[in-house]
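**Student:** coordinates only, no sequence provided:
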Ligand code: TRP
């Protein structure tokens, strides 16, 4: 194996512990994370501070903050090689967010599409946190001086704002922050709901959503009920426009087996949807089985998970506090 002398580029991303993880999260993102570690120095954190911008059930948030960690590890994210931590364990996030609040304009935040969407959706709770959410996100990022921030399309605007805030700050105080690039991964499939193949798979439609911890029976049932298409040819063929349901199932099958669409079409030629749907279900069941079993095993080992979070918080704090000290000094806070 060839050793590179260049230091690895750094990558950081946050995930809100706001819902249980599902096949769309897995095939679209998590599945590729484990490979990245060879090329990048990776930081992943659970953005629990962000999660409370929308009302949460405290016991549920607490449960998910641990169970998501277990699930990420079970999916192959090695805590020895990646820094995994909980945002609220590293106070520097909230501390830098306040400073950056003072370098972010009201107008900029008013233009954020996520703020507009969320304030329309949660009309009776348009809190200040929802408004300043992108500034906390900028703090999350800039504390770690990452080269890349892997995010979905919906978060790109927030990374753009982060760059603007960083550039503004740097233009006043010198090179304090590295200007990060958004990173839209090349690999990763976009998976749609099994009952709503026109919309992204989402926890809000549980019937069409396969959760990583679903039992084999649940998964089998969900695939049985998967929507196929009402076209007359009734054959397995990839055609996103006319056959979105079948095409979605083919994407899932292809990502998990490595088979091409052509190979899948041949495999199911003359067999129709009745054979295809359970076959996809079976592949998913077998793929998720070891993940579910490992996550369940880890959930019983709370001491281990706490230890991962503790070590992660220590490693993260070391990097974050270095940046925060620099910022405090630059803006003129008296240091003792
Ligand atoms: N806002 C992101 C989301 O909802 C989560 C997030 C919070 C994040 N802080 C971040 C992502 C920092 C990348 C970097 O998906």
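**Tutor:** Structure's in. What do you need? Worth saying up front: this structure is predicted, and the values here are computed from it rather than measured. Numbers count the residues shown, from 1 in each chain.

**Student:** can you tell me the helix or strand for residue 279?
**Tutor:** Using DSSP states H and E, residue 279 falls within helix 272-299.

**Student:** distance check, the spatially closest residue to residue 216 that is not a sequence neighbour against residue 278.
**Tutor:** Spatial nearest neighbour of residue 216, chain neighbours left out: residue 285 (4.6 Å); criterion: CB to CB, 6 or more residues apart in numbering. No exception for glycine: its C-beta is placed from N, CA and C like everyone else's. Distance of residue 285 to residue 278, given as CB to CB, to the nearest Å: 10 Å.

**Student:** tell me the residues on the chain that lie near the ligand, please.
**Tutor:** Applying CB under 6 Å from any ligand atom, we find that the chain lies next to the ligand at 13, 14, 16, 47, 50, 137, 140, 141, 149, 151, 155.

**Student:** flag the least confident of these.
**Tutor:** By pLDDT, residue 151 ranks lowest within these, coming in at 89.

**Student:** residues touching that one, list them.
**Tutor:** 13, 158, 159, 182, 183, 184 (CB atoms under 8 Å, 6 or more residues apart in numbering).

**Student:** how about the strands in the stretch 1-150 of the chain?
**Tutor:** Under the criterion DSSP state E, counting those that start in this stretch, strands of the stretch 1-150 of the chain are mapped to 9-15, 40-46, 83-86, 148-150.

**Student:** redo those as JSON lines? Include mean neighbour count.
**Tutor:** Converted to JSON lines, the strands of the stretch 1-150 of the chain look like this (neighbours: other CB atoms under 10 Å):
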{"stretch": "strand 9-15", "mean neighbour count": "20"}
{"stretch": "strand 40-46", "mean neighbour count": "23"}
{"stretch": "strand 83-86", "mean neighbour count": "23"}
{"stretch": "strand 148-150", "mean neighbour count": "22"}
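
**Student:** report pLDDT for the residue nearest to residue 216.
**Tutor:** In this model, residue 285 is scored at 98, pLDDT.

**Student:** my guess is it meets residue 219, correct?
**Tutor:** Yes - the criterion here is CB atoms under 8 Å, and residue 285 meets it with residue 219 at 5.0 Å.

**Student:** how about residue 313: what's its closest non-neighbour residue?
**Tutor:** residue 89 (3.8 Å).

**Student:** OK, contacts around the one you found?
**Tutor:** With contact taken as CB under 8 Å, 6+ apart, residue 89 is in contact with 309, 312, 313, 316.

**Student:** helices or strands next to the helix or strand bottoming out on mean pLDDT in the chain in the packing?
**Tutor:** When each helix and strand of the chain is scored by mean pLDDT, DSSP states H and E, helix 31-36 comes last, with a mean of 86. Contacts defined by 3 or more CB pairs under 8 Å, 6 or more residues apart in numbering; DSSP states H and E place helix 31-36 against strand 40-46.

**Student:** direction included, what does the strand it packs on pair against?
**Tutor:** Sheet pairing here is set by DSSP bridges, and for strand 40-46 it gives strand 9-15 (parallel), strand 83-86 (parallel).

**Student:** ok now the last one, how far from the chain's centre?
**Tutor:** If I follow you right, that is strand 83-86. Distance of strand 83-86 from the chain centroid (CA atoms, centre = their mean, to the nearest Å) equals 13 Å.

**Student:** can we start the residue count at 32 from this point?
**Tutor:** Got it, first residue is 32 now, which makes that one strand 114-117.

**Student:** quick one: contacts of it?
**Tutor:** For strand 114-117, using CB under 8 Å, 6+ apart, the contacting residues are 73-77, 79, 96, 100, 103-104, 108, 339-340, 343-344, 346-347.

**Student:** do stretch 242-254 as well
**Tutor:** Here stretch 242-254 has contacts from 51-54, 56-57, 98, 102, 105-106, 225, 234, 238-241, 280, 308-309, 311-313, 315-316, 319-320, 322-323, 326-327, using CB under 8 Å, 6+ apart.

**Student:** just the buried subset of these, please.
**Tutor:** Buried members of the contacts of stretch 242-254, counted by 16 or more other CB atoms under 10 Å: 51-54, 56-57, 98, 102, 105-106, 225, 239-241, 280, 308, 311-312, 315-316, 319, 322-323, 326.

**Student:** dump the strands of the stretch 32-181 of the chain into CSV; add distance to residue 263 as well.
**Tutor:** CSV is the format used below for these (distance: least, CB to CB, whole Å):
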stretch, distance to residue 263
strand 40-46, 43
strand 71-77, 47
strand 114-117, 50
strand 179-181, 42
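
**Student:** residue 83 is in contact with residue 160, correct?
**Tutor:** Yes - the pair residue 160 / residue 83 is scored as a contact, 7.0 Å apart, by CB under 8 Å.

**Student:** am I right that residue 77 is in contact with residue 118?
**Tutor:** Yes - using CB under 8 Å, residue 77 makes contact with residue 118 at a distance of 6.3 Å.

**Student:** what touches both of these two?
**Tutor:** residue 45.

**Student:** picking that back up, identify the residues contacting the residue nearest to residue 247.
**Tutor:** Contacts for residue 316 (CB under 8 Å, 6+ apart) come out as 247, 250, 251.

**Student:** ok, it to residue 299 distance?
**Tutor:** Relative to residue 299, residue 316 is positioned 18 Å away (criterion: CB to CB).

**Student:** good, wrapping up.
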